[in-house]
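Enquirer: Whatever this is, show me its structure:
(2 chains)
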There are 2 protein chains.
Amino acid sequence: MIMQKLIKNLIQKNNSKIILVVLDGLGGLPVNGKTELEAATTPNLDKLARESACGLHIPVDVGITPGSGPGHFALFGYDPVECQIGRGILEALGLRLDVRKTDVTVRCNYATIRDGLIIDRRAGRIPTDQSRKLTEKLQAAIKKIDDAELIFAPGMEHRFAVMLRFPEPLEKDAAAINDTDPQLEGKPPLPPSPLTKNAERASRVAEKLVNAVHEVLKNEKQANYILMRGFSVKPDLPTFQEAFGLKAIAIATYPMYGGLAKLVDMDTPVVSGTVSDEIDFLRKNYNDYDFFFLHVKKIDSYGEDGNFAEKAARISEFDALLPQILDLKPDVLMITGDHSTPAIMKGHSWHPVPFLLKSPYVLGGLCNAFSERECFKGELGLLQTVKLMPLALAHAKRLKKFGA
Amino acid sequence: MIMQKLIKNLIQKNNSKIILVVLDGLGGLPVNGKTELEAATTPNLDKLARESACGLHIPVDVGITPGSGPGHFALFGYDPVECQIGRGILEALGLRLDVRKTDVTVRCNYATIRDGLIIDRRAGRIPTDQSRKLTEKLQAAIKKIDDAELIFAPGMEHRFAVMLRFPEPLEKDAAAINDTDPQLEGKPPLPPSPLTKNAERASRVAEKLVNAVHEVLKNEKQANYILMRGFSVKPDLPTFQEAFGLKAIAIATYPMYGGLAKLVDMDTPVVSGTVSDEIDFLRKNYNDYDFFFLHVKKIDSYGEDGNFAEKAARISEFDALLPQILDLKPDVLMITGDHSTPAIMKGHSWHPVPFLLKSPYVLGGLCNAFSERECFKGELGLLQTVKLMPLALAHAKRLKKFGA
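Expert: Numbering: from 1, shown residues only, chains lettered A, B, ... in the order given. Next up, the predicted model:
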């Protein structure tokens, strides 16, 4: 945070444009000697890497595998350990809920209860359609408890989210409430107990909500109860504009990523379609912003599925579109991922993420291609992800000199 | 500061000699594919790099462009964020003032005031000669206010510095006084208001000083007033001898750099002439010190001018003199810059600075030349500038083992 204060004092404005392309889950590991990025066909990325500053970044710390929240916060220039966000928030963002400072957000499961004991923590994984209908029924029946407005958002299968919206902004420990999910079947649900004085108010609402829901659902065979996890309030962060003096837009088709950007007050219009559509959207909005966060999801999705070939294909697909971004001639272009998702691991990993930065003020000439192994030869070395924003600001000439 | 305490406890003395050569503003960026250092003729530096430990250092942090103060403090082994020095101090050092713990130092502009409003913040940029005469007149007329002795130092054009020298050492917030410069013409000057209780005393002197000066200058057409900025006291730092157990000398022809060394109590004799003269001076004093800070200014000056060819030529010039330094056979020789000054940027920049360290205890063999790009291949990697002093001490066998 000392550095964030220091940077805030050095900010100066100009008309430069910064584009951050996040190829979600970009980093990988070799299969038959080549990583996904090495196996992909990337003539444009390779050429760009030869004339860019390259390196690899570490989102949280050596050996720490980041979730999407910490990965993106670090890219946005916020310390991902200091700025942790609750699971409830992440779930709500993914369901396009507009999370405010007045809200306690909770992720919920439908469950089956009998004689006071949870006999199925996921209500038989009821179909999404049926779950949606139940959630709409709850919303119709339960609109307010005490002074909290209730906002339900249907999710996939047995999952949904609920927000308790209070009349005024909440203390940061207002959602310090334990999960009601006992994590084992055959046990009774736990009460939503407050862990601090400030959490008592939301705890009372949550307790009444569980009972009200049960009253509505008591005749359902499977989904006759709810379990609540990850009570959270919106983190108290400086906005991106306050922190870096940039007017920013998020271009992301998956709601959660726009949602993360919204937590720091980037503009987050609804964007749909392909990566090509996202780049069209970027082009159309190019005159109206200083900073563009463009998120490409599918690379990570195939990594998570363990589908090496498709992950590589999605990287090749992006490479073919890259000239359209270069045509905009941004002052600073950064291309990287929020974390690694090696297909052989079928999930996020702790491995440093390859990164390139193009601007007129780089050495370049150190890497022959854009890949994990080539980036280790680059002029940025291994650095913490949270340092990328100051670096981008410097290259955009948006930071004054420190000290006389 | 934790590391500085740790190192202090590990210090041991011996007869080793350490030379730190600072080629001011050394780091650069390519023009037609080569940086200034790559374009320069540097057979001696290249040979030395092949047998040295090489790397690049970051003075403050990623993306942060350091001023000369932070750049040098970091090289001297002091945390440049913790040890910030005021503009007033830096100005005074550049004018060869001997700044003590009893002094409040201020940088001043001559200005033109009419009917209580500043109509020219720089008094028409009066010639240096005329400014010098006015400053001497002020010194003759105003010797003491309250218990503060006044010490004036003429500068270039409309600039000068003044020190308020009190009878005893001051609190560290004794100069927490706002600037009197309103930064806009057509406005009245601001009073030098104290921001803390401890600053009230110097504030009273400053207020009386402004009036006394106006009384002396009231009949001048242009320079009939002064504006004061950057009120500062000497930072409270451990001396270089206390911190590292080294008797040190600064060899610098530009007063500000000797001044920075003086803030940590290095000996700072007046040195003039060429780089060759500086090396002669080094040779003559070689038996009397443990640590030699040799500062080469012109490389930075041409970088600031945007003169790529002359910056490279100054590097070549130093290279030709390097054998004279090597002939002294120092136990540890470090050659680097305090920051980068790429000619294409015409100013300081945030780019890591190439660095080599010669001692009997290096791996070597990793770099083919001394350049930004070759240093990335070196055994020191990318490191914070403040780590160079501990490294030098280690190579000089001046640090004991840590822990059993």
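
Enquirer: C-alpha only now, for contacts and for neighbours.
Expert: Will do.

Enquirer: Please give the element, helix or strand, for the closest residue to chain B within chain A.
Expert: Proximity of chain A to chain B (Cα to the nearest Cα) peaks at A:L391, 4.2 Å away. Under DSSP states H and E, the secondary-structure element containing A:L391 is helix A:388-395.

Enquirer: helices or strands next to that helix in the packing?
Expert: Packing partners of helix A:388-395 (3 or more Cα pairs under 8 Å, 6 or more residues apart in numbering or on different chains; DSSP states H and E): strand A:332-336.

Enquirer: The strand it packs on vs chain B: in contact?
Expert: No: if you take Cα under 8 Å from any Cα of the partner chain as the test, strand A:332-336 misses chain B, and the best it gets is 13.1 Å.

Enquirer: What strands flank that strand, and is each parallel or antiparallel?
Expert: strand A:18-23 (parallel), strand A:353-358 (antiparallel) (DSSP bridges).

Enquirer: now that strand against helix A:388-395, angle please.
Expert: 160 degrees (axes from the mean of the first three to the mean of the last three Cα atoms, to 10 degrees).

Enquirer: With just CA atoms, put strand A:332-336 into PDB.
Expert: C-alpha atoms of strand A:332-336 as PDB (Å, rounded to 0.1, in the frame of the first residue of the first chain):
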ATOM      1  CA  VAL A 332       0.900   0.800 -24.500                       C
ATOM      2  CA  LEU A 333      -0.300  -2.700 -25.200                       C
ATOM      3  CA  MET A 334       0.000  -5.500 -22.600                       C
ATOM      4  CA  ILE A 335      -0.900  -9.100 -23.400                       C
ATOM      5  CA  THR A 336      -0.900 -11.700 -20.700                       C
END
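
Enquirer: Tell me which stretches of the stretch 1-150 of chain A form strands.
Expert: Taking DSSP state E, counting those that start in this stretch as the test, the strands found in the stretch 1-150 of chain A are A:18-23, A:53-58, A:103-114, A:117-120, A:144-145, A:148-154.

Enquirer: Can you tell me what sits against the fourth one?
Expert: Okay, so that is strand A:117-120. A:A111, A:T112, A:I113, A:E185, A:G186, A:K187, A:P188, A:P189 (Cα atoms under 8 Å, 6 or more residues apart in numbering or on different chains).

Enquirer: one step back: identify the residue spatially nearest to the residue of chain A closest to chain B, adjacent ones excluded.
Expert: B:G63 (4.2 Å; Cα to Cα, 6 or more residues apart in numbering or on different chains).

Enquirer: Now render the contacts of strand A:117-120 as a markdown table, adding neighbour count.
Expert: Shown next, in a markdown table, are the contacts of strand A:117-120 (neighbours: other Cα atoms under 10 Å in any protein chain shown):
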| residue | neighbour count |
| --- | --- |
| A:A111 | 23 |
| A:T112 | 24 |
| A:I113 | 25 |
| A:E185 | 15 |
| A:G186 | 15 |
| A:K187 | 14 |
| A:P188 | 17 |
| A:P189 | 22 |
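
Enquirer: next one: phi and psi at the residue of chain A positioned farthest from its centre?
Expert: Distance from the centre of chain A peaks at A:D115, with 39.4 Å (Cα atoms, centre = their mean). Main-chain dihedrals, A:D115, degrees, to the nearest 10: phi 50, psi 40.

Enquirer: The residue nearest to A:L391 contacts B:H351, doesn't it?
Expert: Yes: with contact defined as Cα atoms under 8 Å, B:G63 reaches B:H351; the gap is 7.3 Å.

Enquirer: Buried residues, stretch A:342-350. List them.
Expert: By neighbour count on 16 or more other Cα atoms under 10 Å in any protein chain shown, the buried set for stretch A:342-350 is A:P342, A:A343, A:I344, A:K346, A:G347, A:H348, A:S349, A:W350.

Enquirer: just stretch A:221-228 next, same as before
Expert: A:Q222, A:A223, A:N224, A:Y225, A:I226, A:L227, A:M228.

Enquirer: Quote the end-to-end distance of it.
Expert: Distance between the two ends of stretch A:221-228: 19 Å, counting by Cα to Cα, to the nearest Å.

Enquirer: And it, how far out from the chain middle?
Expert: 28 Å (Cα atoms, centre = their mean, to the nearest Å).

Enquirer: how near is A:V106 to A:E185?
Expert: For A:V106 relative to A:E185 (Cα to Cα), the value is 21 Å.

Enquirer: one step back: what does the helix holding A:L391 contact?
Expert: Outside helix A:388-395, the residues touching it (Cα under 8 Å, 6+ apart) are A:7, A:18, A:75-77, A:244, A:331-332, A:334, A:357, A:359-361, A:399, B:62-65, B:350.

Enquirer: One more pass at 6 Å, please.
Expert: A:G77, B:V62, B:G63 (Cα atoms under 6 Å, 6 or more residues apart in numbering or on different chains).

Enquirer: Quick check: end-to-end length of stretch A:374-391?
Expert: First-to-last distance for stretch A:374-391 - Cα to Cα - comes to 20 Å.

Enquirer: Okay, now the unreliable bits of chain A?
Expert: A:1-2 (pLDDT under 70).

Enquirer: what does it have sitting close to chain B?
Expert: A:L363, A:P390, A:L391, A:A394, A:K401, A:F402, A:G403, A:A404 (Cα under 6 Å from any Cα of the partner chain).

Enquirer: give the contact list for the residue nearest to the first one when sequence neighbours are not counted.
Expert: What sits nearest to A:L363 in space, not counting adjacent residues and going by Cα to Cα, 6+ apart, is B:L29, at 5.7 Å. Neighbouring residues of B:L29 by Cα under 6 Å, 6+ apart: A:L363, B:T35, B:P342.

Enquirer: ok, the last one - contacts?
Expert: If you count contacts by Cα under 6 Å, 6+ apart, B:P342 has them with B:G28, B:L29, B:G303.

Enquirer: Give the helix, strand or coil label for the residue nearest to A:L328 when sequence neighbours are not counted.
Expert: Spatial nearest neighbour of A:L328, chain neighbours left out: A:R283 (7.5 Å); criterion: Cα to Cα, 6+ apart. What DSSP: H, G, I helix; E, B strand; the rest coil gives for A:R283 is helix.

Enquirer: Just give the number of residues close to the closest residue to A:S340 other than its chain neighbours.
Expert: Nearest residue to A:S340 in three dimensions, chain neighbours excluded: A:G27, at 3.9 Å (Cα to Cα, 6+ apart). Residue crowding around A:G27 was assessed by other Cα atoms under 10 Å in any protein chain shown; the count is 31.

Enquirer: mind listing what A:G27 touches?
Expert: A:S340, A:T341, A:V353.
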